[in-house]
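Chemist: With the sequence up front, the predicted model follows.
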Amino acid sequence: MDNAKKKNLEGAGWRVGSAEEFLGLTPEEAAFVEVKLALSEKLKARRTQQGMSQAQLARRLGSSQSRVAKMEAADASVTVDLLVRGLIASGASKREIGNAIGGVAPRQARTGRTRGNAA
């Protein structure tokens, strides 16, 4: 959020902070939420890249289309285990799953570069 917007909101009486502050999450809890979000975003990206519908992925998982929709939305009822199983069912490699968790783009992984490393 830019500073001008933040000042406008605060001027109107709103408190501005992070989701972690609002929810009172520990750093570990915040990191876990980020992992779930990264896996869910990767799942949706892989599925759409392959032109696969939610129903098709659900059939591969032995699940339902609505469950896949919840997986892609990182619903609280979805486990990390199920997200990883969904990625495997979509054809993701262990490296891709690891990169999703670590936040490393595939191009960076191939060159050995990570964010902030000019190698």
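Modeler: Nice, I can see it.
Chemist: CA atoms for contacts and neighbours, from now on please.
Modeler: Fine.
Chemist: So which helix or strand of the chain has the lowest pLDDT on average?
Modeler: When the helices and strands of the chain are scored by mean pLDDT, DSSP states H and E, helix 106-111 comes last with a mean of 39.
Chemist: same question for the host helix or strand of Asn8, mean pLDDT?
Modeler: Using DSSP states H and E, the element containing Asn8 is helix 3-11. Across helix 3-11, the average pLDDT comes to 87.
Chemist: for it, the distance to its chain's centre please.
Modeler: Relative to its chain's centre, helix 3-11 lies at 28 Å (C-alpha atoms, centre = their mean, to the nearest Å).
Chemist: now stretch 33-41
Modeler: The chain centre lies 3 Å from the centre of stretch 33-41; the measure is C-alpha atoms, centre = their mean.
Chemist: How about stretch 58-73?
Modeler: For stretch 58-73, the distance to the chain centre is 16 Å (C-alpha atoms, centre = their mean).
Chemist: Tell me which residues are up against it.
Modeler: For stretch 58-73, contacts defined as C-alpha atoms under 8 Å, 6 or more residues apart in numbering pick out 40-41, 43-44, 54-57, 77-78, 82-83, 85-86, 89.
Chemist: Packing partners of the longest helix anywhere in the chain?
Modeler: Longest helix in the chain, counting residues (DSSP state H): helix 27-49. On a contact count with 3 or more C-alpha pairs under 8 Å, 6 or more residues apart in numbering; DSSP states H and E, helix 27-49 meets helix 65-72, helix 80-89, helix 94-102.
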